[in-house]
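J.: My questions are about this predicted structure, shown below with the sequence.
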Amino acid sequence: MSLASLLSAEQIIPEMKATERWPAIVELIDLLVSLGKIKPADRDSILASLKQREETMSTGIGFGIAIPHCSSDRLDDVVAAFGRSTGGIEFDALDNAPVKFVVLFIVPKNQFQTHLRTLASIAKFLNDRSVRESLAEAKSADEILSIFRDRSQK
């Protein structure tokens with residue numbers, strides 16, 4: 001499952017306000033709640049699942065990338081949001097570098113294969129230096145989305 005198929009321009013924050021891991025995750029979750037992708041009543045439960053996953057091991061995978069994710073019995077479909085930070089977010093990443101790109105996604109419970117495939121697809125896509133450079137230079141959410149659409153076809 002590609003980022004292009006999971007995101008709309010509204011689900012992209014071109015410049016995140018957060019400078020640390022938890023506020024960054026909350027910023028993206030609150031965006032999904034405001035868009036109706038997550039019910040307000042489910043917000044805290046999903047945040048707790050994300051926090052539990054992060055406490056196991058940071059999802060800051062290096063190269064300025066973090067992929068916070070979890071599964072939830074409160075959703076029927078995969079939901080995702082993308083945030084960019086030109087200043088960098090302290091994410092306790094594996095390489096200790098600040099995170100510039102945060103891809104948050106939540107998969108319905110009992111969809112383990114979907115979860116793994118989505119995670120692998122996102123990590124592989126963002127592992128490409130030229131993709132990260134293009135994302136860093138994009139001027140808007142629409143431009144970021146078109147990079148996901150254009151580059152995920154290759």
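T.: Okay, I see it.

J.: The most centrally placed residue in the chain in helix, strand or coil?
T.: Among the residues of the chain, the smallest C-alpha distance to the mean C-alpha position (CA atoms, centre = their mean) belongs to residue 103, namely 1.4 Å. With DSSP: H, G, I helix; E, B strand; the rest coil as the basis, residue 103 sits in strand.

J.: helices and strands around the helix or strand of the chain with the lowest mean pLDDT, which ones?
T.: Taking mean pLDDT, DSSP states H and E as the measure, the helices and strands of the chain show their lowest mean at helix 3-6, namely a mean of 86. For helix 3-6, the contact count by 3 or more CB pairs under 8 Å, 6 or more residues apart in numbering; DSSP states H and E identifies strand 79-89, helix 112-126, helix 141-152 as packing neighbours. Glycine gets a C-beta too; all of them are placed from N, C-alpha and C.

J.: For the longest one, list the C-alpha coordinates in PDB.
T.: It stands for helix 112-126. Taking C-alpha atoms only, helix 112-126 is exported to PDB below (Å, rounded to 0.1, in the frame of the first residue of the first chain):
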ATOM      1  CA  PHE A 112      -0.900  -8.000  10.100                       C
ATOM      2  CA  GLN A 113       0.100  -8.500   6.500                       C
ATOM      3  CA  THR A 114      -1.300  -5.100   5.500                       C
ATOM      4  CA  HIS A 115       0.600  -3.600   8.400                       C
ATOM      5  CA  LEU A 116       3.900  -5.100   7.400                       C
ATOM      6  CA  ARG A 117       3.400  -4.400   3.700                       C
ATOM      7  CA  THR A 118       2.500  -0.700   4.400                       C
ATOM      8  CA  LEU A 119       5.500  -0.300   6.700                       C
ATOM      9  CA  ALA A 120       7.900  -1.900   4.200                       C
ATOM     10  CA  SER A 121       6.500   0.200   1.300                       C
ATOM     11  CA  ILE A 122       6.900   3.500   3.200                       C
ATOM     12  CA  ALA A 123      10.400   2.700   4.400                       C
ATOM     13  CA  LYS A 124      11.600   1.600   0.900                       C
ATOM     14  CA  PHE A 125      10.100   4.700  -0.700                       C
ATOM     15  CA  LEU A 126      11.700   7.100   1.800                       C
END
